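Enquirer: only geometry, no sequence info:
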């Protein structure tokens, strides 16, 4: 049985590793447990945001949700150059993008699960289990559909390629290339639909802006790949896998365009609100300079703007200065900047001022940050494990062997 | 004012919640076997609208039993349907409202709203004469005497919109508009994602993170499944025009509590109804008309 021996060997591959690998996995498991503790704590002791939660309806989790949807774009940024433009150096590493994609979707779903009040009723979302989706009207229902679709596509593609690599058979292009090509519009749709969740609310002028979906796409093409570039270097160093610098710089080049577009769209939003100066400007004013003495959001957004611009300058200078170190600095800056800009600094001002003009400020609590980290660690753990399998196959360690496997 | 941020936790209930839901592994924590059975049934309960008549009756029995054990009182849980040819509407006379908040507290009592954390369905905004700007309004005014000179009062509650953004938002159809125009929530189906709260332009919905706390002697035992029954925690709830009263031809509690007769309620489809008299003869307006949610809640000025 090839499949059984695959499972056996795969588990072996995951369990056996170097000291840094154990340290890293141990660290992630620690974060996950800490997050689980935080979640339990939140449900038992830190209940009752009381009045706050009536106004700032969504805490940092939903910001993370929007951000992680962006991270899932890592795949498509590898897949498009690899399978549409046949850029060989990226084709070699595209599978890590697919693994990153479904790991990120796990973070997305995790962020939702820790936010909803009744995670125990999650089956209400699953039609095959007796649940009901409010299609076609609810954007959240659509998001459930496209997120799961994208996740399943990427799991199938990645597992198929890993399995074929294990057995040494040639992967059937007629099977997996169409799936990869389908995953491109799916990737676009997860960002679009996620943007539409916020976009479609007339009650919240801050989100009710037509350039939200393009903005989501632009920032997604920055955040996902930035994590990808760093992850690829780690895999290169510890896994002994060949990842060409030219591939990394190609990704960086696309990120530079995306970041320019992201900044441009943000600027367009700021212009529209400030120049019009209608009452709908209030949330933007709250975000950028504070409103009626409430200014907790101001340091966040300005940090993001400064980091965004710095990272953009770094990325365009990479054309001339081919420095991996500089690239990494840029990636870290972008990752933090987009997390702020697309997370907390995007969700919270939507609620401030509230629909009846009240201002209740919100800052993520310590426990919420722990839970968020736990969700992040869960996705990274999945990414690590599956990347380990790919590394095992590429180095020839993980291989189907008729004699030993029977 | 009662402290909003006060936290409350009922440990036993929480453990039960976890036991039935998040992980079956935690099941041994469940307090009592009979409780666990009720919770198990509740956990796999169908969407209210998909239930047959028999299933609904069984549900009523189960809930009455549950509330009896919990509150040591006999409850009457109604599941009455909308009446034929009735569409409820509400009108509020801003010239008369004195901002006394009696409606707010009558609503809290009638609808078994949690006192801790404190949940209220009606929010009264105090506006300066000459201004109609919610951002400049005061929600927490506390004078010794109302009305205060130079101000008028603007009570806001669920507007029971014809094109309700909250209903559109819900990913699992846990909230919907009944044939009589009341927007209701199946509290046993809601997953607490709060998307409806983000979608509502009127602050018409509330989320209860704690087990609702109601003083024992103030519990209203005449309840409706879609209305004022004691709510489960961590789900969204809202004003239902007192569905347990209005479907029996009674006025909502807020209307009866109003000392100046500022509130009018009735059947929009009946030309003789007093609500129609107001709409047809007074100069009425609706709140946030630009959003086109088409509220069934009207405001007017008339001395």
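Expert: Received it, and whenever you're ready, just let me know what you need. Everything quoted here is computed from the prediction, not taken from an experiment.
Enquirer: whatever residue of the stretch 201-350 of chain A ends up closest to chain B: what's it in contact with?
Expert: Closest contact between the stretch 201-350 of chain A and chain B, by Cβ to the nearest Cβ, is at residue A:203 (3.6 Å). Every residue, glycine included, has its C-beta placed from N, CA and C. By Cβ atoms under 8 Å, 6 or more residues apart in numbering or on different chains, the residues touching residue A:203 are A:355, B:165, B:198, B:199, B:200, B:201, B:291.
Enquirer: change it to 6 Å
Expert: A:355, B:199, B:200, B:201 (Cβ atoms under 6 Å, 6 or more residues apart in numbering or on different chains).
Enquirer: closest one of those residues to residue B:217?
Expert: Residue B:217 lies nearest to residue B:200 out of the contacts of residue A:203, by Cβ to Cβ, at 32.7 Å.
Enquirer: quickly note the distance from the closest one to residue B:210.
Expert: Residue B:200 sits at a distance of 21 Å from residue B:210 (criterion: Cβ to Cβ, to the nearest Å).
Enquirer: between these two, which is the more surrounded one?
Expert: residue B:200 (26 against 22; other Cβ atoms under 10 Å in any protein chain shown).
Enquirer: which strand or helix spans the closest residue to chain A within the stretch 101-250 of chain B?
Expert: The stretch 101-250 of chain B approaches chain A most closely through residue B:192 (2.4 Å), counting by Cβ to the nearest Cβ. Under DSSP states H and E, no helix or strand contains residue B:192.
Enquirer: for chain B, which helix is longest?
Expert: helix B:53-71 (DSSP state H).
Enquirer: returning to that earlier point: not counting sequence-adjacent ones, nearest residue to the residue of the stretch 201-350 of chain A closest to chain B?
Expert: residue B:201 (3.6 Å; Cβ to Cβ, 6 or more residues apart in numbering or on different chains).
Enquirer: same thing with residue B:212?
Expert: Residue B:212's closest residue in space is residue B:114 (Cβ to Cβ, 6+ apart), at 3.5 Å.
Enquirer: can you report how many residues neighbour the nearest residue to residue B:295 once chain neighbours are set aside?
Expert: Distances taken as Cβ to Cβ, 6+ apart place residue B:159 nearest to residue B:295, at 3.4 Å, with adjacent residues excluded. For residue B:159, the neighbour count with other Cβ under 10 Å is 24.
Enquirer: likewise residue B:76?
Expert: Around residue B:76 there are 12 residues (other Cβ under 10 Å).
Enquirer: per-residue confidence at it?
Expert: Listed pLDDT for residue B:76 reads 93.
Enquirer: then residue A:242?
Expert: At residue A:242, pLDDT is 86.
Enquirer: how many neighbours does it have?
Expert: Counted with other Cβ under 10 Å, residue A:242 comes out at 11.
Enquirer: circling back: these two touch, right, the residue nearest to residue B:212 and residue B:215?
Expert: No - counting by Cβ atoms under 6 Å, residue B:114 stays clear of residue B:215, with 10.8 Å between them.
Enquirer: low pLDDT regions in chain A?
Expert: Applying pLDDT under 70 to chain A flags the ranges A:45-52, A:402-406.
Enquirer: what parts of it come near chain B?
Expert: Within reach of chain B by Cβ under 6 Å from any Cβ of the partner chain, chain A has these residues: A:44, A:47-48, A:50-51, A:53-54, A:57, A:116-118, A:120-121, A:124, A:132, A:134, A:137-138, A:140-141, A:201-203, A:353, A:355-358.
Enquirer: narrow those residues to those that are buried.
Expert: The neighbour count (16 or more other Cβ atoms under 10 Å in any protein chain shown) marks A:47-48, A:50-51, A:53-54, A:57, A:116-118, A:120-121, A:124, A:132, A:134, A:138, A:140-141, A:201, A:203, A:353, A:355-358 as buried among the residues of chain A next to chain B.
Enquirer: find the closest residue to chain B in the stretch 251-400 of chain A.
Expert: residue A:357 (3.7 Å).
Enquirer: shouldn't that residue be in contact with residue B:133?
Expert: No - at 7.4 Å, residue A:357 does not count as touching residue B:133 under the criterion of Cβ under 6 Å.
Enquirer: which residues are in contact with the residue nearest to residue A:203?
Expert: Here residue B:201 is in contact with A:203, A:355, B:288, B:291 (criterion: Cβ under 6 Å, 6+ apart).
Enquirer: ok, 8 Å please
Expert: With Cβ under 8 Å, 6+ apart, residue B:201 has these contacts: A:202, A:203, A:355, B:165, B:288, B:291, B:293.
Enquirer: the first one touches residue A:280, doesn't it?
Expert: Translated: residue A:202. No - contact criterion Cβ atoms under 8 Å: residue A:202 and residue A:280 do not qualify, at 10.7 Å.
Enquirer: who touches both of those two?
Expert: residue A:208.
Enquirer: the residue of the stretch 201-350 of chain A closest to chain B belongs to a helix?
Expert: No - read with DSSP: H, G, I helix; E, B strand; the rest coil, residue A:203 is coil and lies in no helix.
Enquirer: of residue B:114 and residue B:215, give the one with the bigger neighbour count.
Expert: Set residue B:114 next to residue B:215 and count neighbours by other Cβ under 10 Å: residue B:114 wins out with 23 against 9.
Enquirer: and the more buried one, how far is that from residue B:210?
Expert: 7 Å.
Enquirer: residue B:193 now?
Expert: 18 Å.
Enquirer: what of residue A:98?
Expert: Distance from residue A:98 to residue B:210, by Cβ to Cβ: 43 Å.
Enquirer: what of residue B:295?
Expert: For residue B:295, the distance to residue B:210 - Cβ to Cβ - is 30 Å.
Enquirer: repeat that for residue A:39.
Expert: From residue A:39 to residue B:210 the distance is 17 Å (Cβ to Cβ).
Enquirer: can you check residue B:107 too?
Expert: 19 Å.
Enquirer: same question, residue A:304
Expert: Taking Cβ to Cβ, one finds residue A:304 at 34 Å from residue B:210.
Enquirer: which stretches in chain B count as strands?
Expert: B:76-78, B:88-93, B:123-128, B:151-156, B:175-177, B:183-185, B:205-207, B:222-224, B:236-238, B:263-267, B:284-285, B:297-300 (DSSP state E).
Enquirer: residue contacts, residue B:179?
Expert: By Cβ under 8 Å, 6+ apart, the neighbours of residue B:179 are B:81, B:82, B:87.
Enquirer: of the residues you listed, which is the nearest to residue A:274?
Expert: For the contacts of residue B:179, the closest approach to residue A:274 (Cβ to Cβ) belongs to residue B:87, at 43.3 Å.
Enquirer: stretch A:289-299: which residues count as buried?
Expert: Buried residues in stretch A:289-299 (16+ other Cβ under 10 Å): A:291, A:297, A:298.
Enquirer: helices - which of these land there?
Expert: residue A:298.
Enquirer: go through the buried residues of stretch A:289-299 and name the one nearest residue A:85.
Expert: When the buried residues of stretch A:289-299 are compared against residue A:85 (criterion: Cβ to Cβ), the nearest one is residue A:297, at 40.3 Å.
Enquirer: how much space between the closest one and residue B:271?
Expert: From residue A:297 to residue B:271 the distance is 51 Å (Cβ to Cβ).
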